[in-house]
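Undergrad: Sequence plus predicted model, see below.
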Amino acid sequence: MDFEDLNEFPFAGIKTWDRISAYLDVRPNRKKRGKMLHASRILSLCPILEYWKRKWEEKRRKARGKKKKEYAALLHEAKYAHKFHSGLQAILDTGTVLHLQVQYYYGVVGLLVGSWKCPECGHVVTGENGEPIKMPRIGVAGSKRHKIFDFDLCPNCRSNDKSFPHWLYVEPHAANKTEGIEGSTDGFLDYKFDGTIYKGILEVKSINENGFLEKYGEPLPTKKHVFQASIYMHLFGRSWALILYFNKNKSVVKEFIVKKNPDAWPQAVEKSRAIRRAVKAGKPPKDDWRTCSSIRDKTARACPAIELCWGAKAPENFMAE
């Protein structure tokens, strides 16, 4: 069917991205969260809400009929209480893609070590007894300064030249079951300097121009990111971290070498223990564990446990005194 005027299309003026936004607003989080606390969320996690989530889950398993649905609804509300809006969801997805790209770059120059997965056939290449290794590479050129490497083909399918990245990094995961804390770092770095190999971790943070220029009031690296990296350093037994901030607007980076914050692990353990003690005692953690300073806080107003925590509903006009 031909149209002389584009405006004659029956769907002219309809924004196709609206359908994408609608999907992103309701997209479920399929990551299975157990009772262990992940290093990436410990600092901002509210022990009181975490306590109620575990109690609601326990009651949901035992309940029947209407009560079961009520607890399921509370758990759903808790899961999506602070869900990012569609625009931010798309930004986070972009960050995930950038992570894969940066990990590939660090792998192809031989700095990132670990296990490597072929994106075409799923074959994983690793060292003996699971030891971390460099990305499968091949020398392609030379210069007076250094030899140039590029990716090698997958030994199983030899078809990974069709995709990018040509190798996917398998992020290391570690868990301290005693303290209920786990984490997955962006990678292991083996940096050789003056004949000594210094073993650290890589943390990649995609960031916009304003954040990159530190216009939000907090200098880089942020306390939250150093805290998270310190937990990883403890879990993996590595002594330093490279936190790399990738400017999504201009594809430039800032690098920071940081040492382990010795207070990070004890703080994480204290929070984890507080939650488990509360669950065992059947009483929520004390009020001083609140992450909200006021019932008017945005996070408090979105929290399904607000009445249980504060003993009242959030005021309708939260801007009023």
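TA: Everything's here; your move.
Undergrad: how far out from the middle of the chain is stretch 162-180?
TA: Relative to the chain's own centre, stretch 162-180 is displaced by 12 Å; criterion: CA atoms, centre = their mean, to the nearest Å.
Undergrad: where does the stretch 1-150 of the chain have low pLDDT?
TA: Confidence mapping of the stretch 1-150 of the chain against pLDDT under 70 gives the ranges 1-8, 12, 30, 32-33, 80-86, 143-145.
Undergrad: now the helices for it?
TA: 17-26, 47-62, 65-80, 86-108 (DSSP state H, counting those that start in this stretch).
Undergrad: measure Leu294 to Trp310 for me?
TA: Heads up, residue 294 is Ser, not Leu. According to CB to CB, to the nearest Å, Ser294 and Trp310 sit 9 Å apart. In short, each C-beta sits where N, CA and C put it, glycine included.
Undergrad: what comes into contact with stretch 221-229?
TA: 39-40, 42-44, 183, 185, 201, 203, 205, 241, 243, 245, 256, 258, 260-261, 264, 267 (CB atoms under 8 Å, 6 or more residues apart in numbering).
Undergrad: One more: stretch 38-49?
TA: 37, 78, 181-184, 224, 227-228, 231-232, 235, 267-268, 271-272, 274-275, 278, 284-285, 289-292, 299, 303-305, 309.
Undergrad: buried subset of those residues?
TA: 37, 78, 181-184, 227-228, 231-232, 235, 268, 271-272, 274-275, 278, 284-285, 289-290, 292, 299, 303-305, 309 (16 or more other CB atoms under 10 Å).
Undergrad: Narrow the residues you listed to those in helices?
TA: If you go by DSSP state H, the buried ones among the contacts of stretch 38-49 have 78, 227-228, 231-232, 235, 268, 271-272, 274-275, 278, 299, 309 in helices.
Undergrad: longest strand of the chain?
TA: With secondary structure taken from DSSP state E, the chain has its longest strand at strand 196-207.
Undergrad: buried residues in that one?
TA: Gly200, Ile201, Leu202, Glu203, Val204, Lys205, Ser206, Ile207.
Undergrad: quick one: strands adjacent to that strand?
TA: strand 188-193 (antiparallel), strand 240-247 (parallel) (DSSP bridges).
Undergrad: Can you lay out the ones you listed as CSV showing mean pLDDT, distance to Lys162 and mean neighbour count?
TA: Below are the strands paired with strand 196-207 laid out as CSV (pLDDT from 0 to 100; distance: least, CB to CB, whole Å; neighbours: other CB atoms under 10 Å):
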stretch, mean pLDDT, distance to Lys162, mean neighbour count
strand 188-193, 91, 27, 15
strand 240-247, 96, 25, 20
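Undergrad: Quickly list what Ile201 is bridged to.
TA: Beta-bridge partners of Ile201, as defined by DSSP bridges: Phe188, Ala241.
Undergrad: From Ala73, how far out is it?
TA: When Ile201 is compared with Ala73 (using CB to CB), they lie 40 Å apart.
Undergrad: now do Lys177
TA: From Lys177 to Ala73 the distance is 31 Å (CB to CB).
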